[in-house]
Structure formats: C-alpha cells, structure tokens
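**Student:** Fold the stuff below for me.
(one chain, ligands or ions: 1)
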Amino acid sequence: MSSERILILGANGQIGTVLTEALRNKFGNESVISTDLHPSKLTSGPHEILNVLDKSGLEAMVNKHRITQIYHLAAILSARGEQDPQNTWKINMEGLMNVLTVSVEQKISKLFYPSTIAIYGHSTPKQNTPQEASFIPATVYGISKIAGEHWCNYFYNRYKLDVRSLRYPGVISWQSDPGGGTTDYAVEIFHAALKEKKYCCFLEADTRLPMIHMDDCIRATLELMDAPAELIHIHTSYNLASMSFTPAEIAAEIKKHIPEFEISYKPDFRQAIAASWSESIDDSVARRDWNWRPKFDLASLTEDMLHNLKIKLNH
Ligand code: SER
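**Tutor:** Numbering: from 1, shown residues only. Prediction:
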C-alpha cells in the first residue's frame, strides 16, 4: 500500500472527475481527497468543499488529510475566460500562487499543474509546434497558463518543488462533459450525433486542432507523475500530442457509423480563439524523457466515443 495522500483541486471538472477515479484505483479510495466548489459528482471517496482562492482553507486541508501530492485542476478555460478576463486571471493566477506557496510551506512531494494548447499564439509555428517557441497567447486563459508555467519553473529552481506539467490538447471524453472551452465542440458533436443525428458547429469546417482521448490524457498524467525525477527535464510544461483533426474530418468519421448524421457550421467568437492555436504539436521531448506514446487515433476515438456514450445515454 502506498503512503501517498493525494489532494485534487477542481475535481468536478471534465478531467478532474476521471482523474479522481483513476487515482483512487491506483492509491485506494481513502487516500485520494477530491475538492471542488461544489459537492462531489462521484458516489464514493472523501470529498471536501474548497475554493482555491482560500489559501488558509487549502493549508488546513493539506494538514487535516496529511497530503503528500496535489493535482491542481481548478481553472477557467479559454472561451468562458473571455467573458470576464479579470476574474479569470484572478482565479487562474491567485489559485496557482496559493497552491505553489502552500506546497513549499507544507513540503508537498509532487505537484501536478495542467497547461494547454492555449499558450500558443499567432507567432508560434502552427505545424509541429516545438517545445520551445514564441508563445504570445490570444486569450486570458492562455496568458494565465504560460505565466503559470513560468511560475512552476521558478518554484522548481528556487525551492526545488517537484512540479510537473503537460500542455493538454483538447480532451475528448464520454465519461464527463467539458465546460467553457473552445475544443468542447468535439465532445458535443458525439452527443448530438447520437441524440439528434445533426450538429451545428461553432468552428469553421477546416479548423484543425490538436486533440486527445481522455484515456490517453489520464495515462499521460499518471506516467508523467510516476517518472523518476531525474528523467524530467522540462519544468515549465511538456508539449503533448496525440491526433489533430477538423470539424469536417470528425463529422466524416462519425458518418461512417451514423450515415444520416449531418453537420452544419455557424462560427462564433470561438473561431478566432481556435485560429490562434497550433494545428499539430511536436511532443518528441515527452517521448524521449518519459516515453510518452498515445494509443488512440481519430478512427479508434470515434468508435470508442460512440460505443461508450451510447451505453451511458441509455442508462
Ligand atoms: N480545451 C481547452 C479549451 O478549449 C484548451 O486547453 O479552452
């Protein structure tokens, strides 16, 4: 039995709900404490209400549960973030600063911080975006995440805090719903295909974005956190890639399973956000350092999403 005691912040989000279960399977139900602004979406395991802006509440939680590792998932994403830039900055940055300082003060052994494709901007090479390039993000979410990466790197260098991070592509899941992101269309489209046989997309047909299946996303997170510290050479955040596709391409793939499915397009403000991001990612540093390999491609993702979502929706 591992002696790790894990705290998850923002556990009710798209990634949080699935990661909480994965960590409970690995470390045991009672060793993984989920926290969120709201009551738990899961049926078992310890859960506490916690706001990441409440530093003393966070400190008390770490002490009470004798926490050794933190996964800090609480953030406002790209599309929702643009509705209130100052509040997005406050939640994303003050939240992270609280987590970093409490982690050092309470001698947390490992911290996970998610970054994103939203750190890339118009000046970043769009194809095979390298690990290091010009990053001038177009959204407040992207600005907060690139600043967050630099703060993580600073805390590693200055305080030897073992903080690890991935630049997640758009995450596609049947297990949980996304909220407030620009890549959310790629989950909505499966729900609409099964329920209505049609979908109106808020991005243009040929908008290519990097995406990943939730199972690969969770496995990447666990593998990064398990890797021996001496293999981790990136202390900002690792580029992470799996697949890239456009709305037209995923619609064509869905049509192979649901021939009557139809897609239409009505781009909104999220088109400009997507247009500022990369189309494909070079993740060779993650592959080299901790042996990252994605398992899903567009065909297997589509098959898996339709299969599992159908079962879920029928229950
Ligand atoms: N999925 C996120 C978003 O669309 C990107 O990190 O905002």
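**Student:** tally of neighbours for the residue lying closest to L73 once chain neighbours are set aside?
**Tutor:** In this structure, L73 finds its nearest non-sequential neighbour in G10, 3.8 Å apart by Cβ to Cβ, 6 or more residues apart in numbering. Quick note: C-beta positions are derived from backbone N, CA and C, even for glycine. Residues within reach of G10, counting by other Cβ atoms under 10 Å, total 23.
**Student:** ditto for R208
**Tutor:** R208 has 19 neighbours, counted by other Cβ under 10 Å.
**Student:** mind checking how far the nearest residue to it once chain neighbours are set aside is from K145?
**Tutor:** Ranked by Cβ to Cβ, 6+ apart and with sequence neighbours excluded, the top spatial neighbour of R208 is E279, at 4.2 Å. E279 sits 19 Å away from K145, going by Cβ to Cβ, to the nearest Å.
**Student:** which residues pair with the residue positioned nearest the centre of the chain across the strands?
**Tutor:** The geometric centre of the chain, computed from its C-alpha atoms, lies nearest to Y168 (Cα atoms, centre = their mean), at 5.1 Å. Residues in a beta bridge with Y168, per DSSP bridges, are T116.
**Student:** Quick one: classify the residue nearest to R208 as helix, strand or coil.
**Tutor:** coil (DSSP: H, G, I helix; E, B strand; the rest coil).
**Student:** ok, residues contacting stretch 117-130?
**Tutor:** Here stretch 117-130 makes contact (Cβ atoms under 8 Å, 6 or more residues apart in numbering) with 77-78, 133-139, 141-142, 145-146, 149, 167-170, 182, 209-210, 237, 239, 273, 276-282.
**Student:** gap between that stretch and the chain center?
**Tutor:** Mean-position distance between stretch 117-130 and its chain equals 17 Å (Cα atoms, centre = their mean, to the nearest Å).
**Student:** buried residues in it?
**Tutor:** The neighbour-count check on stretch 117-130 (16 or more other Cβ atoms under 10 Å) flags 117-121, 124, 129 as buried.
**Student:** And for stretch 201-219?
**Tutor:** Of all the residues in stretch 201-219, those buried under the rule 16+ other Cβ under 10 Å are 201-203, 207-219.
**Student:** Pull the most distant pair out of those.
**Tutor:** F202 and R219 (29.2 Å; Cβ to Cβ).
**Student:** Strands of the stretch 51-200 of the chain, start to end?
**Tutor:** 69-72, 110-116, 163-168, 170-172, 198-201 (DSSP state E, counting those that start in this stretch).
**Student:** quick revisit: could you list every residue that touches the residue nearest to L73?
**Tutor:** Counting by Cβ under 8 Å, 6+ apart, G10 touches 16, 35-36, 52, 72-75.
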